[in-house]
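Asker: Sequence and predicted structure are below.
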Amino acid sequence: MRKSAASVQPLYLQVKRHILDNISSGKWATSARVPSENDIVRSFGISRMTANRALRELSDEGVLVRVAGVGSFVADRHVQAHPLEVRSIAAEIRARGHAHRAHVISVERVRAVAQLAADFAVAPRTLLFCSLIVHYENDQAVQLEDRYVLASVAPDYLKVDFSATTPSEYLADIAPLQEAEHVLRAVMPDDRTRKLLAMPHDEPCLLMIRRTWAAGAIASVANLFHPGSRYELSGRFRP
């Protein structure tokens, strides 16, 4: 498959898109061997360096597993996130070449009770907005987002269509992130969470509690619940 004369997308991205499309369509299942560098060079009419870059980046992103002297294979792709990054769940899903969909359960105004007031470092009864949203990856529920937002930071929060954009994306646009805090816990979900995420009765959740700062204040506190069998955190660090 040679590059179209009209195409302006870099060649290595065309190769990545081709591989991702075959995986997301189900043509190449988990553990399937993908074309070798030599195969890609011949099919796309590109250099070995370009083919290697595409395969290397897909390996770094957890899409492929590369075995020296053997080849590249489709990875068993649990939903992954990096524990030190603040990314929209929709961006994570789209980066894997999958479809994101959001089901908005509720969006409402509330007053900060004692624990919420402490979480936001504000006075009790300060006005907050609360949203409850289930996020799907290829129609499988992967996250329940239970988020509180300081009303003074995002006064139009209740007017936003969160089936079209995520709270993270919206907040990043109107109140640029200054600082973030993540706390990770393994928990057994309550009945509501289990039902919304379509989880078996004995499966635990990975809970990420995320606080973000913007405009000099704690702008948002989100409890992000993920089915243990469908989500994992991964990261690579240098001292």
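Answerer: In hand now; what should we look at?

Asker: now the helices for the protein?
Answerer: If DSSP state H is used as the criterion, the helices of the chain fall at 11-24, 37-44, 48-60, 89-95, 114-120, 167-174, 191-196.

Asker: which helices and strands does the last one pack with?
Answerer: Going back to what we said before, that points to helix 191-196. The helices and strands touching helix 191-196, judged by 3 or more CB pairs under 8 Å, 6 or more residues apart in numbering; DSSP states H and E, are strand 140-150. No exception for glycine: its C-beta is placed from N, CA and C like everyone else's.

Asker: Could you spell out the sheet neighbours of the strand it packs on, each with its direction?
Answerer: Based on DSSP bridges, the strands next to strand 140-150 in the sheet, each with its direction, are strand 127-137 (antiparallel), strand 217-227 (antiparallel).

Asker: thinking again about what came up before, among the helices of the chain, which comes closest to Pro204?
Answerer: Go through the helices of the chain one by one with CB to CB and the one that ends up closest to Pro204 is helix 191-196, at 10.3 Å.

Asker: contact partners of that closest one?
Answerer: Residues outside helix 191-196 that contact it (CB atoms under 8 Å, 6 or more residues apart in numbering): 105, 134, 141, 144, 199, 201, 203, 205, 225.

Asker: coming back round to it: between the helices of the chain, which one is closest to Ser31.
Answerer: Counting by CB to CB, Ser31 lies closest to helix 11-24 out of the helices of the chain; the figure is 11.5 Å.

Asker: Pull out the buried positions in the closest one.
Answerer: Along helix 11-24, these residues count as buried under the neighbour rule (16 or more other CB atoms under 10 Å): 11-12, 14-16, 18-20, 22-23.

Asker: what two of the residues you listed are the furthest from one another?
Answerer: Of all pairs in the buried residues of helix 11-24, the most separated under CB to CB is Leu11 and Ile23 at 19.1 Å.

Asker: Domains in the protein, by residue range?
Answerer: Described in terms of automatic domain parsing, the domain architecture of the chain consists of the residue ranges 11-74, 79-233.

Asker: Take the buried residues of helix 11-24 and lay them out in a markdown table including distance to Ser43.
Answerer: Formatted as a markdown table, the entries for the buried residues of helix 11-24 read as follows, by distance: CB to CB, whole Å:
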| residue | distance to Ser43 |
| --- | --- |
| Leu11 | 12 |
| Tyr12 | 14 |
| Gln14 | 11 |
| Val15 | 9 |
| Lys16 | 14 |
| His18 | 9 |
| Ile19 | 11 |
| Leu20 | 16 |
| Asn22 | 12 |
| Ile23 | 16 |
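
Asker: Lowest mean pLDDT among the helices and strands of the chain, which one is it?
Answerer: For the chain, scoring each helix and strand by mean pLDDT, DSSP states H and E identifies strand 79-81 as the least confident one, at a mean of 50.

Asker: ok, back up a step: filter the contacts of helix 191-196 down to the buried ones, ChimeraX style.
Answerer: A single ChimeraX command is used to select the members of the contacts of helix 191-196 judged buried by 16+ other CB under 10 Å:
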select :134,141,144,199,205,225
